[in-house]
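Trainee: Quick one: sequence and predicted model below, then my questions.
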Amino acid sequence: MATNIRAAFRAAFMSSSWVTGGVREVALRKLEKMKQYVGSPFQQRNDTIVNQFY
């Protein structure tokens, strides 16, 4: 699920006409640096558990 959300943001940035090349580049770099925190403390650091659940 978290991977799908990231992919949706990437697609939105790529298809938005109002986002210029430089801004798009910065936004995509920030998107790649974002960390995913979902679930309880044990689960939130484990992408495999989240992806198996969803």
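Mentor: Received it, and whenever you're ready, just let me know what you need. Numbers count the residues shown, from 1 in each chain.
Trainee: how about Ser16, what does it touch?
Mentor: Arg24 (C-beta atoms under 8 Å, 6 or more residues apart in numbering). No exception for glycine: its C-beta is placed from N, CA and C like everyone else's.
Trainee: State the distance from it to Arg24.
Mentor: The gap separating Ser16 from Arg24 is 8 Å, by C-beta to C-beta, to the nearest Å.
Trainee: list the contacts for Gln36?
Mentor: So Gln36 contacts 2, 6, 44, 47, 50 (C-beta under 8 Å, 6+ apart).
Trainee: If any of those residues are buried, give me the ChimeraX selection for them.
Mentor: Selection command for ChimeraX covering only the buried members of these, criterion 16 or more other C-beta atoms under 10 Å:
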select :2,50
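Trainee: Quick check: mean pLDDT of the strand or helix carrying Gln52?
Mentor: Gln52 belongs to helix 47-53 when elements are defined using DSSP states H and E. Helix 47-53 comes out with an average pLDDT of 79.
Trainee: Now do it: distance to the chain's middle.
Mentor: Centre-to-centre, helix 47-53 and its host chain are 15 Å apart (C-alpha atoms, centre = their mean, to the nearest Å).
Trainee: List the buried residues for it?
Mentor: Quick answer for helix 47-53 (16+ other C-beta under 10 Å): Val50.
Trainee: and the gap between Ile5 and Ser17?
Mentor: 22 Å.
Trainee: So those two - more neighbours on which side?
Mentor: The residue with more neighbours, out of Ile5 and Ser17, is Ile5; 12 against 5, by other C-beta atoms under 10 Å.
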